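Undergrad: Give me a model of this one.
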Amino acid sequence: MVQTNIANIAGECTEWRKQLRQLRDKLNLCKEQLLEIVTETHSRESLAQVEHYHNQFHIQLINVHDVKHSIKQHEQRMQFEKEQKGKIAIESLALHDELFKQYQQLEETLQQLLHDFGRFLRRKK
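TA: Okay, here's the model as predicted:
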């Protein structure tokens, strides 16, 4: 077991969840924009792109939920370890690092999706 500052780890987890909530809100806004576009779109190519973005937003919203949930469970587990044993297990710290990698990868994927969707919107205007 490793003695570590649970407050720092909890702060990181809280920040990750905050960022994911903001990205979730952006995805939901994009879904609303997509609904506006679909009423004005008639070409087969544009409708295929609308369907693609609709599917991606749905998938990524699920991913955001799953990662946020994993982070919350991880934070609770580490708090429990700290309260019960006075220390956080090395395995929990390794999981913390793994969750950070998942968070970073998801954030990168979402930023790319939002960027691509922004380009799509600009072409539609």
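Undergrad: Select the longest helix from the protein.
TA: helix 44-85 (DSSP state H).
Undergrad: next helix or strand past that one?
TA: helix 90-124 (DSSP states H and E).
Undergrad: Which parts of that next one count as buried, going by neighbours?
TA: By neighbour count on 16 or more other C-beta atoms under 10 Å, the buried set for helix 90-124 is 92, 95-96, 99, 102-103, 106-107, 110, 113-114, 117, 120. C-beta: built from backbone N, CA, C; applies to glycine.
Undergrad: which ones are touching the closest residue to residue 40 other than its chain neighbours?
TA: With C-beta to C-beta, 6 or more residues apart in numbering as the criterion, residue 40 has its nearest non-adjacent residue at 7.9 Å, and that residue is residue 124. With contact set as C-beta atoms under 8 Å, 6 or more residues apart in numbering, residue 124 has these partners: 37, 40-41, 46.
Undergrad: Please indicate which of those residues are buried?
TA: 37, 41, 46.
Undergrad: Quick check: of those residues, which lies closest to residue 88?
TA: Nearest to residue 88 among these is residue 37, at 47.6 Å by C-beta to C-beta.
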